[in-house]
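Participant: Would you be able to build a 3D model of this:
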Amino acid sequence: MTPDRRLEWDWFAGSVPENVLLDESAYLESTYSFHNFRSRLPEAIRVGRGSSVYLGVMFDLGPGARVTLGEYVLMNGARIICDSEIAIGDYSLISWNVVLMDNYRLPLNPSGRREALRAALQREHRRAEAEVPSLPIRIGANVWIGFDCCIMPGVNIGDGAVVGARSVVTHDVAPYTIVAGNPARVVRAFKAEERRPHGAAHA
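Facilitator: Take a look at the predicted model:
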């Protein structure tokens with residue numbers, strides 16, 4: 001990153017916001033990832049050692065939002081919709097077109113949505129939003145989320161879990177389980193020997 005917080009390889013003429021903290025070994029493909037970034041927190045985004053944020057990742061953060069990526073996280077083409085907090089643990093893999101949303105941004109009732117859509121005409125980029133609750137999302141270490149998944153507000157995903165492609169996760173996922181479907185359901189739990197890191201000695 002250059003002194004003016006630009007990326008030498010970037011195709012987009014943007015810069016990394018001052019309140020985004022990137023470890024020196026982390027990789028960010030494009031500052032276009034911050035096109036919808038509005039957080040005013042001092043440490044709005046923290047990207048840990050060895051983590052990679054590839055093209056297509058969008059950090060759609062509201063004014064009070066915080067996102068944390070641990071060490072060696074790989075994220076490719078995901079959309080992060082955050083108004084409170086989303087935390088992703090070390091060595092986690094977030095695949096293409098995954099959506100992590102801690103907030104629906106619009107009311108569930110039709111009249112509330114109509115009002116929000118009318119109000120969008122007065123906002124920058126005609127952004128549709130309303131005052132609705134946010135629920136933090138927490139993703140543990142060594143988690144793999146397959147492509148096209150949607151992780152809904154308030155979900156916690158335990159260490160070592162795998163979420164099958166095109167799943168919609170509406171409830172917490174226990175550590176070391178595989179879930180899939182819409183809504184996501186448990187497929188199976190990992191056996192004890194499958195939970196050890198590759199190359200680890202047998203107990």
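Participant: ok, how many other residues are close to Y176?
Facilitator: 19 (other Cβ atoms under 10 Å). Just so you know, the C-beta spots here come from the backbone N, C-alpha and C atoms, and that holds for glycine as well.
Participant: Pretty sure it sits against E193.
Facilitator: No - the criterion here is Cβ atoms under 8 Å, and Y176 misses it with E193 at 11.4 Å.
Participant: Okay, helices next: where are they in this structure?
Facilitator: Secondary structure of the chain (DSSP state H): helices located at 110-119.
Participant: Quick check: buried residues in the worst-scoring helix or strand of the chain on mean pLDDT?
Facilitator: Lowest by mean pLDDT, DSSP states H and E among the helices and strands of the chain is helix 110-119, with a mean of 85. The neighbour-count check on helix 110-119 (16 or more other Cβ atoms under 10 Å) flags A116 as buried.
Participant: what about dumping the CA coordinates of it to PDB?
Facilitator: Only the C-alpha atoms of helix 110-119 are listed here, as PDB (Å, rounded to 0.1, in the frame of the first residue of the first chain):
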ATOM      1  CA  PRO A 110     -45.000  -4.200   3.500                       C
ATOM      2  CA  SER A 111     -46.000  -0.700   4.600                       C
ATOM      3  CA  GLY A 112     -42.600  -0.200   6.200                       C
ATOM      4  CA  ARG A 113     -40.800  -1.300   3.000                       C
ATOM      5  CA  ARG A 114     -43.000   1.000   0.900                       C
ATOM      6  CA  GLU A 115     -41.900   3.900   3.100                       C
ATOM      7  CA  ALA A 116     -38.300   2.900   2.900                       C
ATOM      8  CA  LEU A 117     -38.400   2.700  -0.800                       C
ATOM      9  CA  ARG A 118     -39.900   6.200  -1.100                       C
ATOM     10  CA  ALA A 119     -37.200   7.600   1.200                       C
END
